[in-house]
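J.: Provide a 3D model corresponding to the input given below.
(2 chains)
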Amino acid sequence: MAKYIFKRILHAIFTLLIVITIVFALLRQMPIEGYFNNIDKLTDAQVHAGLTRLGLTRPLPIQIWNYLVQVFHGDLGVSNKFRDGYSIAKIIAGKAPISIKLGLISLVVSLIVGMSMGIMMARSTRTKWKLWDKFGTVFIVIIQAVPSAVYHLLIQLYGSSLLGVSMLFKEEQLMTWILPIFSLSIGNIAYYAMWLRRYMVDEANKDYIRLARAKGVPSGRISRQHVFRNAVVPLVQYLPNSILLTIVGSLYVESLYSIPGMGGLLVQVIKLQDNTMVLALVLIYSAISVLGLLLGDLAMGLADPRISFVKKEGAR
Amino acid sequence: MTLRGMKESQLEQSLETQLKKDLNPAEAYADLPEDELFTVADFDHAAAERGGYSNYSYWGATLRAFFKNKVAVFFLCVIAALLLFTFIQPLLPGQLDPKTIYDDPATGRQYINHPPDEQFWFGTNAIGQDLWARTWAGTRTSLGIGFVVACFEALFGTLMGTLWGYVRKLDALFTEIYNVFDNIPQTLILILVSYIMRPGVTTIIFALCLTGWLGMARFIRNQIVIIRDRDYNLASRTLGIGTGRIITKNLLPYLVSVIALRVSLAIPSAIGNEVFVTYIGIGLPTDIPSLGNLVQAGRVLMSQASLRYQLLFPTTVLAIITISMYIVGNSFADAADPKNHV
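T.: As a prediction, the model looks like this:
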């Protein structure tokens, strides 16, 4: 197992290297203004000196190599437009906590609501009218089909007048936390409910469940101990990724409620052409998704002992 | 002996003879004459020629299954009506131009934020353009973008997915490429492309195409890996049938339903992405009406209750389109799955 994890980590690092290289090369195609705060006031000589100081006059492969070495030492570099001369790590440390707080709360909310909804829907497929299942399906279809940009807007518009709170987020006022958390959770609620329902219905149609039912095992025990436990395994895979993704926040929701978090940061620095920050943020995004995938696989192995990533003797 | 007893013994006897016949046919039928036991069958040429035959037609069964679903048919009608209307709307009499700024003849000033009435059915926007005409022009733009992106995704995604799944030598390489591109967030690619290239319809289509096909290719690849070594494909290969023919005749027809599903879902998601890119300010220029631009323009004004119609009209049209496409796509995919054909 340790060998498998080691191999996966090596592979992840390799993937990250390629991603950084591609994005670095792409960014170098853009105007060099992205490396200066005030290019209009600089003379050509000063621009050249600045580029040399940043090591950008050298050939592209060497630039990339130098950047990788720098990142490997744990240095994300220095912002040059967003906040001139500030260390990027410091900027992120100032912005990430609020995103993580909101993200984790909404993750807990969506897990609780989404899973209970999925269970209710799966149970009601056995009743005559399938009422919960129908309601749930309508909800899921609407959330899945309508672009999130639109329903977030409507939630903000009508939610704020319904609750009588301001449209913008203020950390001290707890009431203003409700709408962003609701917005952040609603997509995940639909997601968890949809998949849990599908996995539970699939599981409930299997022969061993039918046998248990025929033997007279109470249906509450069947759904708790057999159906739910097996159905939840594929969902466990996404959990680490969802937790890690709270760091980067939600671009759309955070900018709607003007939450000073990580979400809008990437768009902001891209508009400002702050190339070093774009690079650092892309690195964080991809590191999170690679790490989340790895942790997800491991979590799935923990949740279901039958899943093994090490090849067994004689296994096909 | 009572009547009931008689019945019982009768029943018992008949059961016994039946059992005997079943167990030992030769003995049971021994009392029958020879020519009643055997009849000579005539040789029938026509019957000999008749082969196995089934009148199952894939598309026939698919359509029948689809039209059985009343909800899906309803939404199909909605889509058809909307599409038709979107394209004939500019040809109808008395329609206003989406890009002209209208002046009030009484005051000589522009109709700014004019609420909906008989002249402007959806009202006018902040600079005096007719929102009704703009909504339908925007729908045309957005549907066009969605359609092109979906077609590209289907064609290119299927092509790459088939190569990836069927040609074993390419598998490791493709998996590596996929891992790299899948790890770059889609938002980031959209932003970078819209930023590097000049904003416009082509740029948006390019950016959405760039990211969309990956998921499709991955999906097709997984399906192909599952079915490529099934016995019927093995049989085709040993009979010496070429790879191209196996792919087009054996593998792809099996995947029609999932391809149809992905295409129908790609259109609403492309429209959604267009709205998103416009929101973060790198989408289409504001002089091209699109649903994204309209939603964005409405969002700016939404804090004033009297101007909310500017957000609500485009979002309603958008929601109707995406929801109907989503439902029709899902139902069609269910209907196209041969497992659901009787």
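
J.: Ignoring the adjacent residues along the chain, who's closest to whichever residue of chain A sits closest to chain B?
T.: At 3.0 Å from chain B, A:P147 is the closest residue in chain A, using C-beta to the nearest C-beta. Backbone N, C-alpha and C define where each C-beta goes, glycine included. What sits nearest to A:P147 in space, not counting adjacent residues and going by C-beta to C-beta, 6 or more residues apart in numbering or on different chains, is B:G272, at 3.0 Å.

J.: can you give me the mean pLDDT across whichever strand or helix holds that neighbour?
T.: Applying DSSP states H and E as the criterion places B:G272 in helix B:252-279. Here helix B:252-279 scores 81 as its mean pLDDT.

J.: Run through the residues that contact residue 182.
T.: Just so you know, I chose chain A. For A:F182, the contacting residues are A:106, A:155, A:159, by C-beta atoms under 8 Å, 6 or more residues apart in numbering or on different chains.

J.: I was after chain B.
T.: Going by C-beta under 8 Å, 6+ apart, B:D182 touches A:289, B:214, B:218.

J.: Can you tell me the SS state at the last one?
T.: Following DSSP: H, G, I helix; E, B strand; the rest coil, the label given to B:R218 is helix.

J.: I figured it hits B:Y178, correct?
T.: Yes - at 6.2 Å, B:R218 counts as touching B:Y178 under the criterion of C-beta atoms under 8 Å.

J.: separation between B:R168 and B:R221?
T.: 12 Å (C-beta to C-beta, to the nearest Å).

J.: go on, A:T57?
T.: 43 Å.

J.: who has more neighbours, those two?
T.: Between A:T57 and B:R221, counting by other C-beta atoms under 10 Å in any protein chain shown, B:R221 is the more crowded of the two (22 against 12).

J.: so what's the more buried one up against?
T.: B:R221 makes contacts with B:161-162, B:164-165, B:174, as judged by C-beta under 8 Å, 6+ apart.

J.: ok, now which ones touch A:L196?
T.: A:L196 sits next to A:114-115, A:118-119, A:122, A:231-232, A:235 when contact means C-beta under 8 Å, 6+ apart.

J.: What are the phi and psi values at it?
T.: phi -60, psi -40 (degrees, to the nearest 10).

J.: swap in A:V69?
T.: Taking degrees, to the nearest 10 as the convention, A:V69 sits at phi -60, psi -40.

J.: do A:Y86 as well
T.: Dihedral angles (degrees, to the nearest 10) for A:Y86: phi -80, psi 150.

J.: tell me, how many neighbours does it end up with?
T.: For A:Y86, the neighbour count with other C-beta under 10 Å is 14.

J.: That one and A:I92: what is the separation?
T.: A:Y86 is 10 Å from A:I92, by C-beta to C-beta.

J.: How about A:I270?
T.: Between A:I270 and A:I92 the distance is 16 Å, computed by C-beta to C-beta.

J.: what about these two, which has more around it?
T.: Between A:I270 and A:I92, counted using other C-beta under 10 Å, the more crowded position is A:I270 (25 against 19).

J.: what does the stretch 151-300 of chain B put close to chain A?
T.: Among all residues of the stretch 151-300 of chain B, those adjacent to chain A (criterion: C-beta under 8 Å from any C-beta of the partner chain) are B:179-180, B:182-185, B:187-188, B:191-192, B:195-196, B:268-269, B:271-273, B:275-276, B:279-282, B:295, B:299.

J.: Pull out the buried members of the residues you listed.
T.: Buried by 16 or more other C-beta atoms under 10 Å in any protein chain shown: B:179-180, B:182-185, B:187-188, B:191-192, B:195, B:268-269, B:271-273, B:275-276, B:279-280, B:282, B:295, B:299, out of these.

J.: surely B:V180 meets A:I20?
T.: No - look at B:V180 against A:I20 with C-beta under 8 Å: they stay out of range, at 10.4 Å.

J.: how about the strands in the stretch 1-150 of chain B?
T.: Taking DSSP state E, counting those that start in this stretch, the stretch 1-150 of chain B contains no strands at all.

J.: Would you format the contacts of A:L196 as TSV with pLDDT, secondary structure and distance to chain B included?
T.: As requested, the contacts of A:L196 are exported to TSV (pLDDT from 0 to 100; DSSP: H, G, I helix; E, B strand; the rest coil; distance: C-beta to the nearest C-beta, whole Å):
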residue	pLDDT	secondary structure	distance to chain B
A:G114	94	helix	19
A:M115	93	helix	23
A:G118	92	helix	18
A:I119	91	helix	22
A:A122	88	helix	19
A:A231	87	helix	21
A:V232	88	coil	22
A:L235	86	helix	19
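
J.: just curious, which of those is nearest to B:I327?
T.: Lowest distance from B:I327 to the contacts of A:L196 (C-beta to C-beta) belongs to A:G118, with 20.2 Å.

J.: Settle this for me: that closest one is touching A:I189, isn't it.
T.: No - using C-beta under 8 Å, A:G118 is not in contact with A:I189; the gap is 9.4 Å.

J.: Can you pick out the residue with more neighbours from those two?
T.: A:G118 (28 against 24).

J.: quick one, what contacts that one?
T.: A:136, A:192-197, A:200.

J.: For the closest residue to A:K170 other than its chain neighbours, give me its contacts.
T.: Distances taken as C-beta to C-beta, 6+ apart place A:T176 nearest to A:K170, at 5.1 Å, with adjacent residues excluded. Contact partners of A:T176, counting by C-beta under 8 Å, 6+ apart, are A:165-166, A:168-170, A:257.

J.: And for B:V328?
T.: B:72, B:75-76, B:79, B:264.

J.: okay, now the closest residue to B:T86 other than its chain neighbours: neighbour count?
T.: Nearest residue to B:T86, sequence neighbours excluded (C-beta to C-beta, 6+ apart): B:T139, at 5.0 Å. B:T139 has 25 neighbours, counted by other C-beta under 10 Å.

J.: any weak-confidence spans in the stretch 51-200 of chain A?
T.: Within the stretch 51-200 of chain A, the segments meeting pLDDT under 70 span A:55.

J.: Would you mind listing what in it touches chain B?
T.: For the stretch 51-200 of chain A, the residues in contact with chain B (C-beta under 8 Å from any C-beta) are A:141-142, A:144-150, A:153-154, A:157, A:167.

J.: What are the buried residues along the strand or helix carrying B:T175?
T.: Assessed by DSSP H and E, B:T175 sits inside helix B:168-183. Residues B:174, B:177-183 are the ones in helix B:168-183 that count as buried (16+ other C-beta under 10 Å).
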